[in-house]
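Q: Take this sequence and fold it.
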Amino acid sequence: MGMIGGGPGAFIGAVHRTAAAMDGLIELVCGTFSSQAANSKKMGEGLGLSPARVYETFEHMVEKEAALPENERMDFVSIVTPNHLHFAPAKLALEAGFDVVMDKPMTFNLDQAKELKSIVEKTGKYFCLTHTYSGYPMIKEAKEQVQKGALGKIRKVFVSYPQGWLSSFLENTDQKQAAWRTDPSRSGIAGAMGDIGTHAFNIAEYVTALEVTAICAQINIVVEGRKLDDDGAVFLQFNNGATGLLLASQVLTGEENTLTIKVYGDKGGLEWTHADANSLLLKWPGDPAQIFERYSKT
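A: Next up is the predicted model:
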């Protein structure tokens with residue numbers, strides 16, 4: 001694996017590196033971790049990489065890696081940059097013959113997304129967009145319960161993602177994450193909805209295997225002076241006639257990272273929350289609720 005982004009002060013890069021290393025099948029072999037060459041070099045040293053494979057720019061990295069023998073070059077690249085730097089490295093890597101793993105969102109805007117889609121189709125390379133919460137075992141169990149019909153016909157879906165880290169105006173501090181995530185030139189047209197609302201949306205469609213066909217939304221800027229939304233609520237209409245509600249906010253003081261989904265059918269319901277990620281609650285009319293727990297043999 002090669003990596004673009006994820007240098008000093010970054011958040012999601014370390015998450016991708018940890019996830020890639022979990023099964024022992026992926027090795028980080030190269031990267032360009034920062035727009036500042038010195039920071040990229042320092043990061044590469046800390047990760048134990050060969051100095052020759054820590055590059056100053058992503059253009060240089062893709063060019064040099066593509067020139068290496070097939071058994072030496074990176075097999076794919078993980079892109080973990082701010083949103084405005086998603087499209088260009090993804091396009092370059094795909095066209096150079098590399099598969100791409102990208103942290104969401106896919107691109108900075110819709111036109112770039114459409115172009116990238118055509119590049120993926122033309123090159124035949126893999127393009128993986130990560131929505132990490134779908135990887136939890138109990139989320140997969142929830143999806144299985146819905147698919148096998150245990151809940152019956154789905155009627156209602158509630159999904160919420162509360163955070164509180166942007167309850168104050170952090171943009172004028174040295175908080176690197178707040179600086180770019182609230183900046184339209186780097187984040188795009190969406191704030192909280194683009195950052196965490198997309199996770200809630202994804203998990204709702206993933207668990208139910210339904211598609212949202214219509215929305216009615218209220219998007220708010222709560223903290224004075226902020227340029228992008230930090231709070232919002234969305235009514236959802238699904239393709240089977242079910243309805244739902246999506247809440248996403250980063251100004252709920254004291255909240256950390258409590259993504260929660262509740263799904264109700266005509267036979268039963270389920271509930272999962274990130275605060276207790278290894279448990280799944282199943283609810284039945286007239287019978288005791290069941291708690292499914294993640295189990296691993298030792």
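Q: residue ranges with poor pLDDT in the stretch 1-150 of the chain?
A: Judged against pLDDT under 70, the stretch 1-150 of the chain has no low-scoring part.
Q: now the helices: where do they sit in it?
A: Taking DSSP state H, counting those that start in this stretch as the criterion, the stretch 1-150 of the chain contains helices spanning 12-21, 37-46, 58-67, 87-95, 110-123, 137-147.
Q: I'd like those helices as CSV, with mean neighbour count and distance to residue 102 appended.
A: Backbone N, C-alpha and C define where each C-beta goes, glycine included. What follows is the helices of the stretch 1-150 of the chain, written out as CSV (neighbours: other Cβ atoms under 10 Å; distance: least, Cβ to Cβ, whole Å):
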stretch, mean neighbour count, distance to residue 102
helix 12-21, 16, 10
helix 37-46, 16, 19
helix 58-67, 17, 13
helix 87-95, 21, 6
helix 110-123, 14, 9
helix 137-147, 17, 21
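Q: between these, which gets nearest to residue 169?
A: Closest approach to residue 169 among those (Cβ to Cβ): helix 12-21, 22.9 Å.
Q: what angle do the closest one and helix 37-46 make?
A: 30 degrees (axes from the mean of the first three to the mean of the last three Cα atoms, to 10 degrees).
Q: show me where the stretch 151-298 of the chain has helices.
A: 176-181, 184-187, 192, 198-208.
Q: so of the ones you listed, which one's packed in deepest?
A: helix 192 (a mean of 27; mean count of other Cβ atoms under 10 Å).
Q: quick check: mean pLDDT across it?
A: For helix 192, mean pLDDT is 97.
Q: I'd like to know how far residue 257 sits from residue 165.
A: 9 Å (Cβ to Cβ, to the nearest Å).
Q: scratch that, residue 24 is what I was asking about
A: The spacing between residue 24 and residue 165, counted by Cβ to Cβ, is 33 Å.
Q: So between these two, which is more surrounded?
A: residue 165 (17 against 7; other Cβ atoms under 10 Å).
Q: right, and that one touches residue 250 too?
A: Yes - Residue 165 sits in contact with residue 250 when judged by Cβ atoms under 8 Å, with a separation of 6.3 Å.
Q: What is the neighbour count of residue 124?
A: Neighbour count for residue 124, taken as other Cβ under 10 Å: 8.
Q: Please tell me how far it sits from residue 95.
A: Computed with Cβ to Cβ, the distance linking residue 124 and residue 95 is 12 Å.
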